[in-house]
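# Any chance you could fold what I've pasted below:
(one chain, ligands or ions: 1)
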Amino acid sequence: MSGEVPLLRLLDVSKRFGGVLALRDVSMDVGEGELVALIGPNGAGKSTLFKVICGVIKPDSGRIYFMGRDITGLPPERICRMGIARTHQVPRPFVGMSVLENVLVPASHARGLDMRRAEDLARDILRAVGLGGKADASIGSLTLYERRMLEIARALAADPRLLLLDEPFAGLNPEEAEEALELVRKLKVERRISIIWVEHVMGLLRRTADRVVVLNQGEKIADGTFREVVHSAQVITAYLGEKILDDIG
Ligand SMILES: Nc1ncnc2c1ncn2[C@@H]1O[C@H](COP(=O)(O)OP(=O)(O)OP(=O)(O)O)[C@@H](O)[C@H]1O
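Numbering: from 1, shown residues only. Here you go, the predicted model:
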């Protein structure tokens, strides 16, 4: 990315919670159309990183740039309207609403569309994630797979340029995960969305991620292709161990 402005740039971002340094001078770039896997053991700072990017928490120091603009400390709604959306580990649908309404609300809110255009868009997004036939279904009737797809649909409704996926496949069986992965790949290519993806199923991400960033105790300890990261002795001893080597093969 030499010379060009990355879609997202973090510069020396730190965040402390009491005695815990959740992020320690983290710098990283995400380019246009890139899929970056974010990995690290429990408590490494992955969720905190998502929160500071989305504006849910403010970093103590460091700057965050999106499309060349400094977004550090901006309120989450503003950051969302600028084009950053996220999914949550535990899907957060509006349970009293239908599947369609769940996508319609963020579509009209984030994009400022009237209801008719928001509905067209919401139906289009539901088709794109394979929920076209479920528009009128209640949230309670959805399978886990469908709930996870709805969570992605709700994030897409805001028309993001950057999508933050927090373990979007947790609890899915291998066939479902494979299907969901295909869908995310398609979204990335067809909608030209950049993605940061927190995931523990490394085998899946190996084939999909352009780059891997590894956090450990709030610190970025590796940033490169899967092969480069796996061969980093520091990463192997700090976190990845035998298991990831087996997974990556
Ligand atoms: N609101 C908070 N108040 C106090 N400490 C926090 C808060 N949020 C996170 N932490 C601490 O900051 C560190 C990083 O947590 P974070 O949730 O970002 O890690 P993570 O990599 O997402 O972990 P996991 O894989 O378990 O979700 C942990 O030590 C955690 O206990």
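# Pull the number of nearby residues for Asp70.
12 (other C-beta atoms under 10 Å). In short, each C-beta sits where N, CA and C put it, glycine included.
# so what pLDDT did it get?
Here the pLDDT value assigned to Asp70 is 98.
# who's in contact with it?
Residues touching Asp70, when contacts are defined by C-beta atoms under 8 Å, 6 or more residues apart in numbering, comprise 63-64.
# gap between it and the ligand?
With the distance defined as C-beta to the nearest ligand atom, to the nearest Å, Asp70 ends up 23 Å from the ligand.
# what about Ala155, is that helix, strand or coil?
With DSSP: H, G, I helix; E, B strand; the rest coil as the basis, Ala155 sits in helix.
# Provide a list of residues in contact with it.
85-87, 106, 163.
# What segments of the protein are strands?
Counting by DSSP state E, the chain forms strands over residues 8-17, 20-30, 35-39, 61-66, 69-70, 84-86, 162-166, 194-198, 211-216, 219-224, given from the N-terminal end onward.
# okay, among the contacts of Ala155, which ones form the most distant pair?
With distance counted by C-beta to C-beta, no two of those lie farther apart than Pro106 and Leu163, which are 13.0 Å apart.
# Spell out which residues of the chain are next to the ligand.
When proximity is defined as C-beta under 6 Å from any ligand atom, the chain approaches the ligand at 17, 20, 22, 40, 42-48.
# Neighbour count and pLDDT added to the residues you listed, as JSON lines?
Shown next, in JSON lines, are the residues of the chain next to the ligand (neighbours: other C-beta atoms under 10 Å; pLDDT from 0 to 100):
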{"residue": "Phe17", "neighbour count": "11", "pLDDT": "97"}
{"residue": "Val20", "neighbour count": "12", "pLDDT": "95"}
{"residue": "Ala22", "neighbour count": "25", "pLDDT": "98"}
{"residue": "Gly40", "neighbour count": "24", "pLDDT": "86"}
{"residue": "Asn42", "neighbour count": "6", "pLDDT": "86"}
{"residue": "Gly43", "neighbour count": "14", "pLDDT": "90"}
{"residue": "Ala44", "neighbour count": "24", "pLDDT": "91"}
{"residue": "Gly45", "neighbour count": "25", "pLDDT": "95"}
{"residue": "Lys46", "neighbour count": "22", "pLDDT": "94"}
{"residue": "Ser47", "neighbour count": "18", "pLDDT": "94"}
{"residue": "Thr48", "neighbour count": "22", "pLDDT": "96"}
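# now the angle from the top helix by length along the chain to strand 35-39?
Once the chain is assigned using DSSP state H, the helix that runs over the most residues is helix 174-191. In terms of direction (axes from the mean of the first three to the mean of the last three C-alpha atoms, to 10 degrees), helix 174-191 departs from strand 35-39 by 140 degrees.
# List the buried residues in helix 174-191.
Within helix 174-191, the residues scored as buried using 16 or more other C-beta atoms under 10 Å are 176-177, 180-181, 183-184, 187-188.
# can you check stretch 134-147 too?
Per 16+ other C-beta under 10 Å, stretch 134-147 contains these buried residues: 134-135, 139, 142, 145-147.
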